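1. Below is the sequence, then the predicted model.
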Amino acid sequence: MQMIEIAKAFSYDAKIVIMDEPTSSLTEKEVNHLFKIIRKLKDRGCGIVYISHKMEEIFQLCDEITILRDGQWIATSRWKGWIWIRIIAMMVGRSLNQRFPDRENTPGEVILQVRNLTSLRQPLHSRCLL
């Protein structure tokens with residue numbers, strides 16, 4: 001269905017096309033075909049708003065990027081010269097050096113406790129997972 005809508009935009013000589021995660025349900029062959037169509041639309045002067053979380057696609061297709069985080073505008077710029085790690089850090093709102101931000105862990109009340117666990121078939125030792 002997505003490819004049909006994109007083909008219609010191409011044949012109707014659209015001035016602007018908005019694509020929201022257009023490759024999410026496409027095969028690799030279909031993605032390559034879509035990218036050819038997008039490049040042809042760009043060559044015709046069509047403006048394209050391409051929404052994606054896939055950085056490889058953004059780097060292949062886009063001249064300018066706008067970064068949103070939680071629905072809020074963060075930045076708009078020509079992306080050439082930016083490194084992907086900076087873009088992702090702006091998307092998630094923290095440095096990627098801090099992959100899992102520090103959080104205080106305060107143990108609460110015990111919600112599951114097991115005592116004298118046994119098995120009929122084999123000793124449990126450290127093989128038991130809860």
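-> On my side now, so go ahead.
2. List the residues that contact the spatially most central residue of the chain.
-> In the chain, the centroid-proximal residue (CA atoms, centre = their mean) is residue 53; its distance is 2.7 Å. Neighbour list for residue 53: residue 21 [criterion: CB atoms under 8 Å, 6 or more residues apart in numbering]. Placement of C-beta: from N, CA and C, glycine included.
3. so is it in a helix, a strand, or just coil?
-> Following DSSP: H, G, I helix; E, B strand; the rest coil, residue 53 is assigned to coil.
4. helices and strands of this protein: which one has the lowest mean pLDDT?
-> helix 2-11 (a mean of 74; mean pLDDT, DSSP states H and E).
5. Need the residues that contact that one.
-> 17, 19, 22, 25, 26, 30, 33, 34, 37, 40, 41, 46.
6. Residue 66 reaches residue 79, doesn't it?
-> No: the criterion here is CB atoms under 8 Å, and residue 66 misses it with residue 79 at 9.9 Å.
7. Between those two, which has more neighbouring residues?
-> The neighbour comparison of residue 66 against residue 79 (other CB atoms under 10 Å) goes to residue 79, with 19 against 13.
8. List the buried residues for the helix ranked longest in the chain?
-> Across the chain, the longest stretch assigned as helix under DSSP state H is helix 28-43. Within helix 28-43, the residues scored as buried using 16 or more other CB atoms under 10 Å are 34, 38, 41.
9. Stretch 13-32 now?
-> Neighbour-count burial for stretch 13-32, with 16+ other CB under 10 Å as criterion, is recorded at 14, 17, 19, 22, 23.
10. Cool, thanks, talk later.
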